[in-house]
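# Provided below for reference: sequence and predicted model.
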Amino acid sequence: MTFYPTDRIALFIDGANLYSAAKGLNFDIDYKKLLDEFRKRGILIRAYYYTAIVEGDDYSPIRPLVDWLDYNGFTLVTKTAREYTDSQGRRRWRGDMDIEIAVDMLEMANHADHLVLFSGDGDFRRLVEAVQAKGVRVTVVSTVKSQPPLASDDLRRQADTFVELADLASIVGRPRQANQGHNPRFLQEGGRTPAELEAEDEI
């Protein structure tokens, strides 16, 4: 990653997408280490974390993570996940945060020098192009080493820099532990994250 000490940096973390990428590489994200790493690379002005939450959950495993992030330097952007029934009649939840990420990135492009997007979603290619047109550099962090790969080729080509998440495992990762991290109810019930559900269409 190429950063300059005077760079004003903002992070945009698609929580479900990053969780899927790290899970595919068999490690968990240590968000304190992640924040510390980018604070070393420039002037970190904002770190956004986006996630959908299932409404009415008596206990959601993601809640401790969301609370910790909220108190430890992250800006939380959440919304209610939408329930639907798949073609096999199983209950699923979808929580697409693309619009929220796009609006915040375009707004922050007026105040930052370098935006870091933690997502491999190909739908973001045009967004990255629009941000670059404002004179802002964009780094995309995702993986092509998971099965299936979660980083869109179009998005990788559009970014100023693509960082393979596997290469950051020793810096911002920790060994996976059961029922820790971003593990919402739709995963416990055998479903997939929104990122995994949409991966086949996006890549």
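On my side now, so go ahead. All values derive from a computational prediction rather than experimental measurement.
# can you check which strand is longest in the chain?
Using DSSP state E to define each element, the chain has its longest strand at strand 43-53.
# now do the buried residues in that strand.
Ile43, Leu44, Arg46, Ala47, Tyr48, Tyr49, Tyr50, Thr51, Ala52, Ile53 (16 or more other CB atoms under 10 Å). The C-beta positions use only the backbone N, C-alpha and C, and glycine is treated the same way.
# please, where are all the strands along the protein?
Per DSSP E, the chain carries strands over the ranges 8-14, 27-29, 43-53, 75-80, 82-85, 91-94, 114-118, 137-142, 161-164, 173-175.
# now do the contacts for Leu115.
If a contact means CB atoms under 8 Å, 6 or more residues apart in numbering, then Leu115 has Ile9, Ala10, Leu11, Phe12, Met105, Met108, Ala109, Val131, Val136, Arg137, Val138, Thr139 as its contacts.
# off-centre distance for stretch 122-138?
Relative to its parent chain, stretch 122-138 has a centroid offset of 16 Å by CA atoms, centre = their mean, to the nearest Å.
# just the terminal-to-terminal distance for that stretch.
14 Å (CA to CA, to the nearest Å).
# neighbouring contacts of it?
Contact with stretch 122-138 is made by 98, 101-102, 105-106, 109-110, 112-117, 140, 152-155, 158-161, 202-203, as judged by CB under 8 Å, 6+ apart.
# ok, of the residues you listed, which come out buried?
Using 16+ other CB under 10 Å as the burial test, these include 98, 101-102, 105, 109, 112-117, 140, 152, 154-155, 158-159, 202-203 as buried.
# low-confidence bits of this protein, can you list those?
56-61, 92-93, 178-203 (pLDDT under 70).
# picking up where we left off before, for Asp36, which of the strands of the chain is the nearest?
Nearest to Asp36 among the strands of the chain is strand 43-53 (9.6 Å), distances taken as CB to CB.
# partners of the closest one, with directions?
Strand pairing for strand 43-53, determined by DSSP bridges: strand 8-14 (parallel), strand 75-80 (parallel).
# run the angle between that strand and strand 114-118 for me.
Inter-element angle recorded for strand 43-53 and strand 114-118: 30 degrees (by axes from the mean of the first three to the mean of the last three CA atoms, to 10 degrees).
# ok, the closest residue to Leu150 other than its chain neighbours to Glu107 distance?
In this structure, Leu150 finds its nearest non-sequential neighbour in Gly120, 4.1 Å apart by CB to CB, 6 or more residues apart in numbering. Distance of Gly120 to Glu107, given as CB to CB, to the nearest Å: 22 Å.
# which one of these two has more residues nearby?
Neighbours per residue (other CB atoms under 10 Å) separate Gly120 from Glu107, with Gly120 holding more: 30 against 11.
# contacts only, for that one.
Gly120 makes contacts with Asn17, Ala21, Val140, Ser142, Thr143, Pro149, Leu150, Ala151, Ser152, Leu155, Glu202, Ile203, as judged by CB under 8 Å, 6+ apart.
# which strand residues bridge the third one?
It stands for Val140. Bridge pairing for Val140 (DSSP bridges) gives the partners Leu117, Phe162.
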